[in-house]
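> Fold the following for me, if possible:
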Amino acid sequence: MELKSNHSSPVLADPAPINKTRLGIHSPVSSSKCIPMLRRKQGKLDEALSNGWLDAMRASSPPRKKLIKGYCVDIALDDAEIAYCSWKIKHPSALNSFDQITKQAKKKKIAIFLDYDGTLSPIVDNPDDALMSSEMRLAVKNVAEFFPTTIISGRSRYKVHELVGLTELYYAGSHGMDIMGPVGITTSVDHHGCIKLIDRQGEESKQFQPAGEFLPMIDEVFRTLIEKTKGIKGTMVENNKFCASVHYRNVDEKKWCTIARLVHNLLKDYPRLQITHGRKVLEIRPAVDWNKGKAVEFLLDSLGFTNQADVLPIYIGDDRTDEDAFMMLGKKKCGVGILVSSTPKETEAVYSLRDPSEVMEFLKSLVAWKKMEDA
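Model (predicted):
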């Protein structure tokens, strides 16, 4: 099977060097005079790579705030608000455009896809503290009563299931590489890697893992990263089953390049893995042709929505990895992408919401609209 890299998400990579000796080609140049020149070139290359890593890491990070007379405020707040208002002309509020969105749903079934961090819960310094409110949990539970609903996250499926705590949902962990349906509901498509599971009550559900063979490799990388980053204050390494995540939110920015170089050098020994960016996190995952967009397609297929005229997928997310889903919906012209952001961002999403509180308001509006439609 040929493994293809997913280039729709930002990837940190540089061409692997060719070992000419292994290819049976020997260099005719052996003079030591060439060594200083090679070192200078290598130094420039390392510097260029370091600058590229830092640019990518900064681009994926939320804007910094500063303390002014005891108050934490955005830098250049007025300019930021002006830029945000201008950006929203192109990506209008999903709340203000609610009637337009529901018109698209006429004679269609709605399927809901939700990211977790930054969408259902606030972004916090410690990922373990990213808890959704009881009011948000109720809003998601109510939505799931009317529409098939999936939580799709970079976290492990087990971890995000534990955080959300609702059994009636679909869960897609590790950026969609680990998918599980609600207990008692079976998917209709038999894909490679799909395993039937039986719970204690004998009810059947279905699990899909398109990168199962990578589990030992990810676990090995995770353990190595724990060891190599233990001397960098503020670093947190997380095992998300099919993805090892290196969080640098609490790390001094001067050390970011050190982290990037460490991760990059480690992955030279793992050519079948790739590095992608989240919000102040580097994620090491399998270089397979699978992402959140592919996961949405799989789930729609599994739910029986093979004809896009029958369904309106609504995908809400805040992260760069959600762009794969926005892009898929845009290309197929079959759904609604909503980016959660309080700052202007390049996105394939059509609509926007400012923060999780607006996400909750949107979900409540969907439930109210559905009840009126069914009345």
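> how near is the closest residue to residue 115 other than its chain neighbours to residue 150?
Leaving aside its sequence neighbours, residue 115 sits nearest to residue 317 (C-beta to C-beta, 6 or more residues apart in numbering; 3.5 Å). To be clear about C-beta, it is placed using only N, CA and C from the backbone, and glycine gets the same treatment. Separation of residue 317 from residue 150 (C-beta to C-beta, to the nearest Å) stands at 11 Å.
> List the contacts of the residue nearest to the spatial centre of the chain.
Residue closest to the mean C-alpha point of the chain, counted by C-alpha atoms, centre = their mean, is residue 321 at 3.5 Å. Contact analysis of residue 321 by C-beta atoms under 8 Å, 6 or more residues apart in numbering lists 9, 154, 175, 276, 278, 283, 291-292.
> mind running it again at 7 Å?
Taking C-beta atoms under 7 Å, 6 or more residues apart in numbering as the criterion, residue 321 is in contact with 9, 154, 175, 276, 278, 292.
> Could you measure from it over to residue 337?
According to C-beta to C-beta, residue 321 and residue 337 sit 13 Å apart.
> With residue 82 instead?
24 Å.
> quick one, phi psi at the residue lying closest to residue 116 once chain neighbours are set aside?
In space, and not counting its chain neighbours, residue 116 is closest to residue 153: 4.2 Å by C-beta to C-beta, 6+ apart. The phi/psi pair for residue 153 (degrees, to the nearest 10) reads phi -140, psi 160.
> For the helix or strand hosting residue 367, list every residue counted as buried.
Residue 367 belongs to helix 356-374 when assigned by DSSP states H and E. Residues of helix 356-374 classed as buried: 356, 358-360, 362-363, 365-367, 369-370 (neighbour count, 16 or more other C-beta atoms under 10 Å).
> Now do residue 299, the pLDDT please.
Residue 299 carries a pLDDT score of 91 in this model.
> what stretches of this structure score poorly on pLDDT?
1-77, 183-211 (pLDDT under 70).
> Tell me where it has helices.
Counting by DSSP state H, the chain has helices at residues 34-59, 77-90, 98-104, 134-146, 157-164, 215-229, 256-267, 292-302, 323-332, 356-374.
> Which stretch among the ones you listed approaches residue 312 most closely?
Of all the helices of the chain, it is helix 98-104 that lies closest to residue 312, at 5.6 Å by C-beta to C-beta.
> what sits up against that closest one?
By C-beta under 7 Å, 6+ apart, the residues outside helix 98-104 that reach it are 94, 312, 336, 365, 369.
> any idea how far residue 153 is from residue 169?
Residue 153 is 12 Å from residue 169, by C-beta to C-beta.
> between these two, who's got more neighbours?
residue 153 (30 against 23; other C-beta atoms under 10 Å).
> That one and residue 115 touch, don't they?
Yes - because the distance of 6.1 Å satisfies C-beta atoms under 7 Å, residue 153 is recorded as touching residue 115.
> With just CA atoms, put stretch 233-250 into PDB.
Taking Å, rounded to 0.1, in the frame of the first residue of the first chain, the C-alpha atoms of stretch 233-250 are listed here in PDB:
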ATOM      1  CA  LYS A 233      10.600  24.300  31.300                       C
ATOM      2  CA  GLY A 234       6.900  24.400  30.400                       C
ATOM      3  CA  THR A 235       6.900  21.700  27.700                       C
ATOM      4  CA  MET A 236       4.100  19.200  27.900                       C
ATOM      5  CA  VAL A 237       4.000  16.000  25.800                       C
ATOM      6  CA  GLU A 238       0.700  14.300  25.200                       C
ATOM      7  CA  ASN A 239      -0.100  10.900  23.800                       C
ATOM      8  CA  ASN A 240      -3.200  11.100  21.700                       C
ATOM      9  CA  LYS A 241      -3.000   7.500  20.500                       C
ATOM     10  CA  PHE A 242      -2.400   8.200  16.800                       C
ATOM     11  CA  CYS A 243      -0.700  11.500  17.400                       C
ATOM     12  CA  ALA A 244       2.000  12.600  19.800                       C
ATOM     13  CA  SER A 245       1.600  16.300  20.700                       C
ATOM     14  CA  VAL A 246       4.200  18.700  22.000                       C
ATOM     15  CA  HIS A 247       2.600  21.700  23.700                       C
ATOM     16  CA  TYR A 248       4.800  24.800  24.000                       C
ATOM     17  CA  ARG A 249       2.100  27.300  25.200                       C
ATOM     18  CA  ASN A 250       3.900  27.700  28.600                       C
END
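> Counting neighbours, which bits of that stretch end up buried?
Buried-residue list, stretch 233-250, by 16+ other C-beta under 10 Å: 235-249.
> chain center to it: distance?
14 Å (C-alpha atoms, centre = their mean, to the nearest Å).
> And stretch 162-176, by the same measure?
14 Å.
> From one end of it to the other, what's the distance?
Across stretch 162-176, the terminal residues are separated by 17 Å (C-alpha to C-alpha, to the nearest Å).
> Touching, residue 172 and residue 295? I think so.
Yes - between residue 172 and residue 295 there is a contact under C-beta under 7 Å: 4.9 Å.
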